[in-house]
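1. okay, sequence plus prediction incoming.
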Amino acid sequence: MSKISIIGAGFAALTAAKKYRKLDPTAEITLIAPKAEFIYFPSLIWIPCGLRTGDDLRVDLNNFISKQNLKFHAGTVTGLEDAGRTVITDKGNVENDGLIIASGGRFIKKLPGIEHALTLCEGISATEKIAERLKAMKSGTIAVGFGGNPKEPSAMRGGPMFELLFGLDTLLRRQNRREDFEIIFFTPGAEPGKRLGERAVTGILKEMKKRDIKTQLGHKLKSFSNKSITTEGGEFDADLILFMPGMTGPQWLDNSELPRSSGGLVTANKQAKIEGFDNTFVAGDTGSFPGPKWMPKQAHMADLQADVAATNLHGEINNGATDAVFKIELVCIIDTLDKGILVFRNMKRTIVFPCKLLHFAKRLFEKLYLRKYR
């Protein structure tokens, strides 16, 4: 009986666990994470507007663990030993015959004063703080933006910030408070949303203009304060700063011999395998994969990589095929509370399609996805 360890409890980790269990009903599969809990990050954008609460998006995984006949090790990973065969945690070590790393990324928080900015995808508590701050504001300037990792073009997450931006505008209009606020979008890139395709850039900028959202684009960020943002192009005031930094790998990678990209992520091939390490794979935000610069860090892509990682790990352990390759595609609905914009991109085509019904389609997808784990 093979002993499989999967680090993480997010999209990639759970998809990998389901896939491996399907391939091998007898394997001993252990999930390793601080808590047996899954957070549905795509819907964090709806907490500030009251459409969702933290409890709506927090899923206890004990039922899923039981259904899939998994083991759970409640601990924080601190490193690896024995070329990946031993996972070190603060609650003891876990031995394995095969390993899938799906522990997510870490936001780069090096800019001076970045503690004055709230980061949406840091989780439920951070998003609840955004909701509290917004509710307490009577007027002022809200600045919404994102950065990247210059050494790892894919390690950025701009989509949720566009959704938060447009959602806040819609919410304030519904509350008849929009005229009391100035909303500014900022990013070091001159073409926001470029990874979504040229049509998406045009559409996003057009939507900002339509909603009277001002922009600060194309200037490297220098620092934040509690009342302002400073860039190489100048300084502008902000009473509430909502910022998504670029990402790098988790801190525990420093206590491993895994190969890493210049941007700090674990390097892998198109089969999701970490080359030079037997029976060791990576999926999701922790990995640096071959592909176009626009290849996204999003749940859908993590699921695709996790499926391939589990398939190839099973093949390697059982002397079978290890040539499965993950598809590269970007699929997202940029939600604005009152409508949605579907963006699809793969190696052949890009589709941008706005439609009011897409807001409800995104809500339906959330319900169906979470049903698998509840």
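-> Structure's in. What do you need? Computed from a predicted model, the values in this text were never measured in an experiment.

2. would you map out the domains in the chain?
-> 3-106+247-317, 108-246 (automatic domain parsing).

3. as JSON lines, these with mean neighbour count and distance to Lys327 would be great.
-> Yep, even glycine has a C-beta here, placed from its N, CA and C like the rest. Below are the domains of the chain laid out as JSON lines (neighbours: other Cβ atoms under 10 Å; distance: least, Cβ to Cβ, whole Å):
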{"stretch": "domain 3-106+247-317", "mean neighbour count": "20", "distance to Lys327": "5"}
{"stretch": "domain 108-246", "mean neighbour count": "18", "distance to Lys327": "15"}
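
4. quick one, helices of the protein?
-> For the chain, the helices defined by DSSP state H occupy 11-23, 54-57, 62-67, 124-136, 159-174, 198-210, 299-317, 357-371.

5. out of those, which gets nearest to Met1?
-> Closest approach to Met1 among these is made by helix 299-317 (10.9 Å; Cβ to Cβ).

6. what about that closest one, distance to the chain center?
-> Mean-position distance between helix 299-317 and its chain equals 17 Å (Cα atoms, centre = their mean, to the nearest Å).

7. now do the strands in the stretch 51-200 of the chain.
-> For the stretch 51-200 of the chain, strands defined by DSSP state E, counting those that start in this stretch occupy the ranges 58-60, 71-74, 77-81, 86-89, 92-95, 98-101, 106-107, 140-146, 181-187.

8. got a list of contacts for the last one?
-> Counting contacts by Cβ atoms under 8 Å, 6 or more residues apart in numbering, the residues outside strand 181-187 that touch it are 137, 139-147, 158, 165, 168-169, 172, 192, 208, 211-217, 221, 229, 231, 236, 238.

9. now the fifth one
-> Residues outside strand 92-95 that contact it (Cβ under 8 Å, 6+ apart) are 3, 5, 30, 32, 73, 75, 81, 85-87.

10. out of the residues you listed, which is nearest to Trp46?
-> Ile32 (29.6 Å).

11. ok, the closest one - contacts?
-> Neighbouring residues of Ile32 by Cβ under 8 Å, 6+ apart: 5-8, 73, 75, 77, 87, 89, 94.

12. quick check: bridge partners of it?
-> Under DSSP bridges, the beta-bridge partners of Ile32 are Ile7, His73.

13. ok, it to Met1 distance?
-> 18 Å (Cβ to Cβ, to the nearest Å).

14. could you work out the end-to-end span of stretch 292-306 for me?
-> End-to-end distance of stretch 292-306 (Cα to Cα, to the nearest Å): 19 Å.

15. now do stretch 265-278
-> End-to-end for stretch 265-278, by Cα to Cα: 19 Å.

16. that stretch - what's its average pLDDT?
-> Per-residue pLDDT values across stretch 265-278 average out to 98.

17. repeat for stretch 104-113
-> Mean predicted confidence for stretch 104-113 is 95.

18. before we move on, what about stretch 61-69?
-> 97.

19. stretch 230-238 now?
-> Regarding stretch 230-238, the rounded mean pLDDT is 97.

20. do stretch 120-131 as well
-> Per-residue scores along stretch 120-131 average to 95.

21. just stretch 25-33 next, same as before
-> Mean predicted confidence for stretch 25-33 is 98.

22. any idea how far it is from the middle of the chain?
-> 24 Å.

23. stretch 317-337 too?
-> Worked out by Cα atoms, centre = their mean, stretch 317-337 lies 14 Å from the chain centre.

24. residues of it that come out buried?
-> 317, 322, 324, 326, 328, 330-337 (16 or more other Cβ atoms under 10 Å).

25. which of the residues you listed lies closest to Arg21?
-> The closest of the buried residues of stretch 317-337, once distances to Arg21 are taken by Cβ to Cβ, is Ile317, at 14.0 Å.

26. ok so, going back, now for the strands of the stretch 51-200 of the chain, which one comes closest to Leu258?
-> strand 77-81 (6.9 Å).

27. so can I have CSV of the helices of the chain showing distance to Ala117?
-> Converted to CSV, the helices of the chain look like this (distance: least, Cβ to Cβ, whole Å):
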stretch, distance to Ala117
helix 11-23, 25
helix 54-57, 20
helix 62-67, 34
helix 124-136, 10
helix 159-174, 12
helix 198-210, 20
helix 299-317, 23
helix 357-371, 26
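
28. ok, of the ones you listed, where does mean pLDDT dip lowest?
-> For the helices of the chain, where the average pLDDT is lowest is helix 198-210, sitting at a mean of 90.

29. other residues contacting it?
-> 162, 165-166, 185, 191-194, 196, 215, 334, 336, 341, 343, 350, 352, 354.

30. now the end-to-end length of stretch 256-273.
-> 16 Å.

31. do the same with stretch 33-41
-> Per Cα to Cα, stretch 33-41 runs 17 Å from first to last residue.

32. using CSV, lay out the strands of the stretch 51-200 of the chain together with distance to Glu132.
-> Below are the strands of the stretch 51-200 of the chain laid out as CSV (distance: least, Cβ to Cβ, whole Å):
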stretch, distance to Glu132
strand 58-60, 18
strand 71-74, 30
strand 77-81, 31
strand 86-89, 33
strand 92-95, 38
strand 98-101, 35
strand 106-107, 21
strand 140-146, 14
strand 181-187, 16
